[in-house]
Structures are given as structure tokens and as C-alpha cells.
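> Predicted structure and sequence below. I'll ask about it afterward.
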Amino acid sequence: MSGPSIAQAKAEAGIPLGLYVHVPFCASTCDFCAFYQTQPTAALVERFLDGVAREAALAEWTRPVNTVFWGGGTPGLLAPRDLKRLADLVRARCGGAPAEWSVELAPASVTEARLAVLREAGVTRVSMGVQSFQPALLDALGRSHTCAQIYRAYDRVRAAGFPSVNLDLMFALPGQSAAEWAGDVRAAVSLAPDHLSTYCLTFEEDTRLWVKLSQGRVKLDPEHEARLYEATWSQLADSGYAQYEISNFARPQHQCLHNLNTWRMCEWIGLGPSAASQQSGVRGANVADLEKWLGHLDGGRRVTEDRVKLTPELLAEDALIFGLRMNAGVDVAAWHERAPAAPWAAVDEMLATLECGGLLVRSASVARLSNRGRLVADSVGAEIMAAFEPVEAIKA
């Protein structure tokens, strides 16, 4: 892989750069989870850490990394010494700790020793996957933690002094009532986290939950989901959490910068099996298999899957899809200028139709979804894709 040209480096200099590390280890697979994962052994962890070091050496970037995010899997399954080794690698490759450094943790994996390593390394943000405070619902999701572990883990995270803490919750779970969901939100708010992510349960193929859906053991109820969405937005607004994306709410100065930069079509480098990258005019992903990923690294290869050239038109399409999910919306005129060859006649007509239907609100050149529009954001995304249909992805 050749290095970037001087002109390309100059063009990229002002674009925020993120680093994502996928830690693929989980003790067990939750019924809803479709992310790549495998059970850890000492030998696999050692090979993974060695692979990340080798991939970081292969990845080419010359400007500062603004944000780092460790996801999974469960990064917190790594032993403290292995967390330190991974953190030292990130700091060395990034020239120190970034402005924002997020790490996902499961309540059952939170220990004082792990937290001490992360805090000393410069991690600024912990995101904890709570999902629910209802024992029966946790069991139905296949989650391994208990409510007692949630509270104990949260206290430990706060005591460690991380500047920002997020809790992940899920709603529209099988059998979950509106009252139970409202109770989960109240329980989360009572802990006073800085950020809350509330995700509607999705049924991903190749998960146990998908099998249950196909067998008729669980059912979809879009109207119930819509009611829960609206109740959540109202409840969290009343509690001082500003919505900045369909599923994300934060107190002032606690939005997740890494995710914001991703939704704004900036650049990021992905390390680890299944990690995606968007950098230097190319988008792609690593193979979702630890052994195959290591094999590619042996041959000096990375980002081998689904490689496409990032044309201005493709970026404009994704900027609209993800930008409209944010409460701030997207500046359509700016993308007109950046991607003049995009099929704007069709896109503008589609946006006008959404506006007439009450799903979209415009202020000067900025388009935002209305509350009604946010309830059907996935359908809006499909409309955008249809309007951009003449735009073809070019294999890189």
C-alpha cells in the first residue's frame, strides 16, 4: 500500500480522525448481538494483541487522532495487563492520549484494577451496556449480568473518576411493557450518567433472536415501538438530557465526539477483526474472523472486505442518511457544492416530498427530520438511497 500524496495529506489535514479498535472477545453471545465475537483464551488474546500491533504498523496516518473508541465484543474481558498493553500501543501510535477516548464495558467485567489501568492510560469516557434493570428482561436477552452488578459497576466507574459515563439501554424487548421501559429510564436517570443511549431492539440475521422471530415466538409491534420512542424523548428531555441523535442523549459537553465525526462522514481507522475504516478515499472492513484477519496481516494486507472508493457522491448519500438522524440535521447546500455530480434533482424532489408530508423541516439550507420523521428514520434512509440510486459504488 503506497503512502498518501502531499496533496492528499493537505486535503485530509482538517478532517477529524478517529481510531476504532474491535476487541472480539465475549464470554457468551447475547440473543440480539450480531457483532463478530469469539470466546477468549490466553493464547487467542496474545495473538489478537500482537495482530493489533502489526495492523497499527501497517495502517498509514500522519495527522493526530482526535478520538479513540474500543468496542466489541467486550473490551473489559481483557486482563488488566492486557488492557495496559493495548492502551500503551494506542498511545504510542497516536502520540499520546486523544481528546476523547471511549471504552465499552459490560457490568460483569468492571473491576477496580481494570478501571485503574484505563484511567491511568487517559481513557475519558466509559460506555456501559446495561440494557435493562429488569431481571426477567436481562435473562430474555441472554445478558450475563445482574442488577446488583450494574449498580456496583457504576459506582466503581464513578469512583475511578472518568470525566464522562454513558449507559446503554434497550427498549421494545419481547414482553416489555411501557411501564417497565419507563422504569428502566427512571432507574438510569437516577444514577445521573452524563450520556444515555437508548436503542430500539433490532432483529439481526444469524442471531438467536432472529430465529425466535422467524419461528413466531416473538413478534414485531411498530406502533408500540413508536410510543416507546416518543415517551423516551419526553422523559429524558424532562430529566435534562438533550437528544442529539435518534438514540443518543447527553448533558451539555458530553456528546460522543467519535460517533458525531463518524455520522458527519469524517475519517476513522479500524483495527481488529471486522473493524471498518474510512480513510484516504477508501471505505472497507477487516474480515470478521480472527484467524483470517491474522492471516491477512501475515501477508501485509488490511481492509480487505467490501472496499469501495469514497466518491463525493457516495459521501453525500451517507451524509444525508446519517445527518438526518442527528437533531442538528445536515447542510444540504454544502453537499451540493462538495458533490456537484450527485443526482440532486431527484434528491431535492424527495426532500421536498418529505417536507410536504411533515417528516422534514427546513431552515435555510439545513434539513432536519421532524419528530414524526425520526420515528420512520429507517424508511427515510431508504428513500434517500432510492434517490441516489444512479450513484454506483466503485470497488477500490
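That came through fine. Numbers count the residues shown, from 1 in each chain.

> can you list the domains in this protein?
6-262, 311-396 (automatic domain parsing).

> partners of residue 127 in the sheet?
Note on residue 127: beta-bridge partners by DSSP bridges are residue 104, residue 166.

> Count the residues that sit near it.
Residues lying near residue 127 (other CB atoms under 10 Å) number 21. Any C-beta I mention is one placed from the backbone N, CA and C, and that applies to glycine too.

> now do residue 268
Neighbour number of residue 268 under other CB under 10 Å is 23.

> cool, and residue 238?
Neighbours of residue 238 using other CB under 10 Å come to 9.

> Residue 101 versus residue 120, what's the distance?
To residue 101, residue 120 is 12 Å away according to CB to CB, to the nearest Å.

> err, residue 165, not the other one
Residue 165 sits 13 Å away from residue 101, going by CB to CB.

> if we can go back for a sec, quick one: which of residue 120 and residue 101 has more around it?
Legend: neighbour count by other CB under 10 Å for residue 120 and residue 101, higher for residue 101 (25 against 11).

> for the more buried one, helix, strand, or coil?
Three-state assignment for residue 101 (DSSP: H, G, I helix; E, B strand; the rest coil): strand.

> dump the residue contacts of it.
Applying CB atoms under 8 Å, 6 or more residues apart in numbering to residue 101 gives the contacts 67-69, 90, 121-125.

> Show the pLDDT at it.
For residue 101, the model assigns a pLDDT of 98.

> can you check residue 394 too?
Residue 394 carries a pLDDT value of 76.

> Just read off the phi/psi values of it.
The phi/psi pair for residue 394 (degrees, to the nearest 10) reads phi -100, psi 120.

> in which helix or strand would I find the residue nearest in space to the middle of the chain?
The structure's the chain has its C-alpha centroid closest to residue 259; by CA atoms, centre = their mean the separation is 6.1 Å. According to DSSP states H and E, residue 259 maps onto helix 257-263.

> Need phi/psi at residue 248.
Torsion angles at residue 248 (phi, psi; degrees, to the nearest 10) stand at phi -130, psi 140.

> which residues does the residue lying closest to it once chain neighbours are set aside bridge with?
With CB to CB, 6 or more residues apart in numbering as the criterion, residue 248 has its nearest non-adjacent residue at 5.3 Å, and that residue is residue 197. Assessed by DSSP bridges, residue 197 has beta-bridge partners residue 168, residue 248.

> on that earlier part again, in strands only, show me the contacts of residue 101.
Among the contacts of residue 101, the residues falling in strands (DSSP state E) are 67-69, 125.

> What about the contacts of residue 101, which one has the most neighbours?
residue 68 (28 neighbours).

> Might one say that that residue is in contact with residue 21?
Yes - applying CB atoms under 8 Å as the test, residue 68 and residue 21 come out as touching, 7.3 Å apart.

> quick one: common contacting residues for those two?
Common contact partners of residue 68 and residue 21 (CB under 8 Å, 6+ apart): residue 90.

> Find me the pLDDT at residue 377, would you?
Reading off the model, residue 377 has pLDDT 94.

> dump the residue contacts of it.
Residue 377 is in contact with 246, 324-325, 369, counting by CB under 8 Å, 6+ apart.

> what's the farthest-apart pair in these?
The distance between the two most remote of these (CB to CB) is 9.3 Å, for 246 and 324.

> So for these two, which sits in the more crowded spot?
The neighbour comparison of residue 246 against residue 324 (other CB under 10 Å) goes to residue 324, with 26 against 20.

> Strands of the stretch 51-200 of the chain, start to end?
Assignment of strands within the stretch 51-200 of the chain using DSSP state E, counting those that start in this stretch yields the ranges 67-72, 100-105, 125-131, 164-171, 195-200.

> Lovely, talk soon.
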